[in-house]
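Trainee: what's the 3D shape of this:
(one chain, ligands or ions: 2)
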Amino acid sequence: MNVTNNTQAQRMSFWEKIYLPEIVKGLGETLKAMVAPKMTREYPEERFEPNGSYRGRPVLVQEEHGERCVACGLCSRVCPAIAIEVQAAETEKVKERYPVKFEINMLRCIFCGFCEEVCPEEAIVMSKDYEMVFESREEAILGKDKLLIPVAQLQERLEYLRRHQYYEPAAN
Ligand code: SF4
Ligand code: SF4
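Mentor: Ligands and ions are numbered 1, 2, ... in the order given. Next comes the predicted model:
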């Protein structure tokens, strides 16, 4: 049987084998990087302001009359890092259920955005917040007091999601 030995060395052209053109190309890239505009920021004096596509820490949407979340638990089930804990309770309001406890462990969160994608109420979204400092493990477990953010502050992200058809706008 005629077996072709198709190794990397055999596929290389003459110019690839002598390396010189590749070295010149590499030096060209180095020179380009040397004259390109600098991207380094003097943080924290010079802050980075992300746009709506940015995935910072996940937060809960707070409406005037309360949180949007109906404690269905989908975000908790889909979270690959098992970072979300939701406990549901009943309410007299039309939506019937609300999260009596909602916690996200930010030591576990990997900012994947699955929770946001799966939520049927657009109640959990990725915010622009990237500044997180914790002095203990307990501090990194964020409850409703830290998770609930007024809907007005999340408009840019909600509009971004609607533009990219993550979900239909929820009826307020
Ligand atoms: S962003 Fe991903 S890892 Fe973080 S809480 Fe949501 S689903 Fe879990
Ligand atoms: S945030 Fe959304 S997916 Fe998670 S429990 Fe609330 S309504 Fe369900």
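
Trainee: show me what contacts residue 137?
Mentor: Taking Cβ atoms under 8 Å, 6 or more residues apart in numbering as the criterion, residue 137 is in contact with residue 107. C-beta coordinates here come from the backbone N, C-alpha and C atoms, glycine included.

Trainee: any regions of the protein where pLDDT drops low?
Mentor: Counting by pLDDT under 70, the chain contains low-confidence residues at 1-10, 165-172.

Trainee: residues from it in reach of ligand 1?
Mentor: Residues of the chain lying close to ligand 1 by Cβ under 6 Å from any ligand atom are 58, 79-81, 83-84, 104, 109-115.

Trainee: quick one, which of those residues are buried?
Mentor: Among the residues of the chain next to ligand 1, the ones that count as buried by 16 or more other Cβ atoms under 10 Å are 58, 79, 83-84, 104, 109, 112, 114-115.

Trainee: CSV please, covering the residues you listed and showing secondary structure.
Mentor: Formatted as CSV, those follow (DSSP: H, G, I helix; E, B strand; the rest coil):
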residue, secondary structure
58, strand
79, coil
83, coil
84, strand
104, strand
109, coil
112, coil
114, helix
115, helix
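
Trainee: buried ones in the helix or strand residue 161 falls within, by neighbour count?
Mentor: According to DSSP states H and E, residue 161 maps onto helix 155-163. For helix 155-163, burial by neighbour count (16+ other Cβ under 10 Å) applies to 157-158, 160-161.
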